[in-house]
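Chemist: compute the structure for the input listed below.
(one chain, ligands or ions: 1)
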Amino acid sequence: MLRPEDFDAPLARAAEHARRWLGSVPERPVAPRTTADALAEAFDGGLPEAGVDPAGVIDLLARTAEPGLTAMASGRFYGFVIGGTLPAALAADWLVSAWDQNTGLRFATPAVAAAEEAAGHWTVDLLGLPPGSDVGFVTGASMANFAGLAAARWRVLERAGWDVNARGLAGAPRVRVVVGAERHDTVDMALRYLGLGAPEAVAVDGEGRLRPDALAAALARGEGPAVVCLQAGNIHSGAFDPFPAAIAAARRHSAWVHIDGAFGLWAAASPATRHLMEGAADADSWATDAHKNLNVPYDCGIVACRDVAALRAALGMHGDYLVHDAHGDHGPGDPFEKVPELSRRARGVTVWAALRSLGRDGVAGLVAGLAANARQLARRIGGLPGAEVLNDVVFSQVSVAFGSDARTRAVADWLVADGRVWMTGSRWHGRAVLRISVTNWSTDAADVDVSVDAVRDALAATEGL
Ligand SMILES: *Cc1c(COP(=O)(O)O)cnc(C)c1O
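Modeler: Have a look, this model is predicted:
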């Protein structure tokens, strides 16, 4: 029989280690102090014959991991597009694990299914998407892109008289997929999983936005089923594709329109940035992440799809032992019909907790704050001698170069070693850049000051390169 007291010690230890870790985040260097190679030895050494008591395991885990942890929860972590964790979302995530609900069926796990449905409705509302869109909680935007494009594949082939579920792709009409040259690589990955091959990439402007004239020309060169994948939030510039013109071009060819808005869709949640999303709600499917701007723990992405039947046809399944929701095809649907997995954790509950803790105003403030901090960093770092901000800072992303590629790379390396901030080196439009992504809810004016100081010191240390 389950003995509740067996859980007391390990949970108490986990809470204490979590508090200690979070307490260290504001002061510790952002970068880890050791490498995965070094820690692989500490963690492994062959599977021991004898076990360790649960609380002892948690102590061992925390102690071994500590030097290799990166302060991604820090307000001065600007790498990739990451985000931290809101207190309510982190605590909700613990409950999700304690509850251990296999979130596939409404009848079997009603509480988490209903919480996720509410989170889905709230998200659709905040992002300005069509009411009634289906929402699935997936691992991240990679799988959200996959899910949206799977629905697209099913629908455009169905319109061409081809049932891809029954017949597969061999012999099917070719599905053309058109993307902007600066789409995220996960779009290509999703298309590969779907057997659609490499997309046709069309020209973008100086901010990385797809050019609608180039899209129209590409679509006019062919015929047959087509999918257009647009982007809300370029990882280097933060720029948004011009949705009204691009979607109009796609509609002239009856193309399905999917938008990868891993971080950008959240622009719709604030009056300060909502204009960037103009026209985006006219697409068919959207991918975003809750684990980026909304600051819930990994792994939590969201697919939304206007065409409920297409999403469920592409991802749903039937098993005699699965007792489907009593509402049938026109109801809210079971969670498993909207995502690639059958068994999964109730990851959407963290979205409910984050949104409930922030409210509509809080989400608007969070999103506007990220954009305001990005503008501050761009203005102040751009004002340092030798620095050049390369993009128009419309949202949360800043790409900056420091003269030569060698110096830009040296600045990036110096900053990681220094430990006050983490910014990722990258290449954009043929130049080495330092990419600053402001995605953490806790970044404040003091963090911005420290970050500008760190870059100033990095410039001093790399003078002459
Ligand atoms: C982060 C990101 C992705 C991938 O999202 P994951 O959550 O890492 O799977 C896709 N597209 C864009 C624009 C992104 O920023």
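
Chemist: is it true that Ala267 touches Ile259?
Modeler: No: taking contacts as CB atoms under 8 Å, Ala267 lies outside contact range of Ile259: 11.7 Å. Quick note: C-beta positions are derived from backbone N, CA and C, even for glycine.

Chemist: quickly list what's touching both of those two.
Modeler: Listed contacts common to Ala267 and Ile259 are Ala232; contacts here mean CB atoms under 8 Å, 6 or more residues apart in numbering.

Chemist: next, give phi and psi for the residue sitting nearest the centre point of the chain.
Modeler: Centroid-nearest residue in the chain, with CA atoms, centre = their mean: Asp289, separated by 3.3 Å. Dihedral pair for Asp289: phi -120, psi 140, per degrees, to the nearest 10.

Chemist: by contact count, what packs against the host helix or strand of Val135?
Modeler: Per DSSP states H and E, Val135 falls inside strand 134-138. Secondary-structure packing of strand 134-138 (3 or more CB pairs under 8 Å, 6 or more residues apart in numbering; DSSP states H and E): helix 110-126, helix 141-159, strand 301-305, helix 308-315.

Chemist: parallel or antiparallel, list what pairs with it.
Modeler: Note on strand 134-138: by DSSP bridges, its sheet partners are strand 301-305 (antiparallel).

Chemist: need the residues of the stretch 1-150 of the chain near the ligand, please.
Modeler: Val81, Gly140, Ala141, Ser142 (CB under 6 Å from any ligand atom).

Chemist: which of these has the most neighbours?
Modeler: Neighbour tally across those (other CB atoms under 10 Å): the maximum, 29 neighbours, falls on Ala141.

Chemist: if I pick that one, what's in contact with it?
Modeler: Contacts of Ala141 (CB under 8 Å, 6+ apart): His184, Thr186, Asp260, Ala262, Ala287, Thr288, Asp289, Lys292, Gly301.

Chemist: switch to 6 Å and redo it
Modeler: Ala262, Ala287, Asp289, Gly301 (CB atoms under 6 Å, 6 or more residues apart in numbering).

Chemist: just Ala461 next, same as before
Modeler: Ala461 neighbours (CB under 6 Å, 6+ apart): Trp414.

Chemist: got the phi/psi numbers for the residue of the chain at minimum distance from the ligand?
Modeler: Ranked by CB to the nearest ligand atom, the top residue of the chain for proximity to the ligand is Gly140, at 2.6 Å. In terms of degrees, to the nearest 10, the main-chain angles of Gly140 are phi -180, psi -180.

Chemist: correct me if wrong: it contacts Tyr298.
Modeler: No: using CB atoms under 6 Å, Gly140 makes no contact with Tyr298, being 7.4 Å away.

Chemist: any idea which of the helices and strands packed on strand 134-138 is most buried?
Modeler: Most buried of those by mean neighbour count (mean count of other CB atoms under 10 Å) is strand 301-305; its value is a mean of 29.

Chemist: using CSV, write down the CA coordinates of it.
Modeler: The C-alpha trace of strand 301-305 is given here as CSV (Å, rounded to 0.1, in the frame of the first residue of the first chain):
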residue,chain,number,x,y,z
GLY,A,301,4.4,24.3,-26.3
ILE,A,302,1.0,25.1,-27.7
VAL,A,303,-0.6,24.4,-31.1
ALA,A,304,-3.8,26.1,-32.0
CYS,A,305,-5.9,25.2,-35.1
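
Chemist: pLDDT weak spots in the chain?
Modeler: 328-329 (pLDDT under 70).

Chemist: go again with 80.
Modeler: 318-330 (pLDDT under 80).

Chemist: got the domain boundaries for it?
Modeler: Listed by automatic domain parsing, the domain ranges of the chain are 4-71, 91-354, 361-461.

Chemist: now for these, which one comes closest to Thr85?
Modeler: domain 91-354 (5.0 Å; CB to CB).
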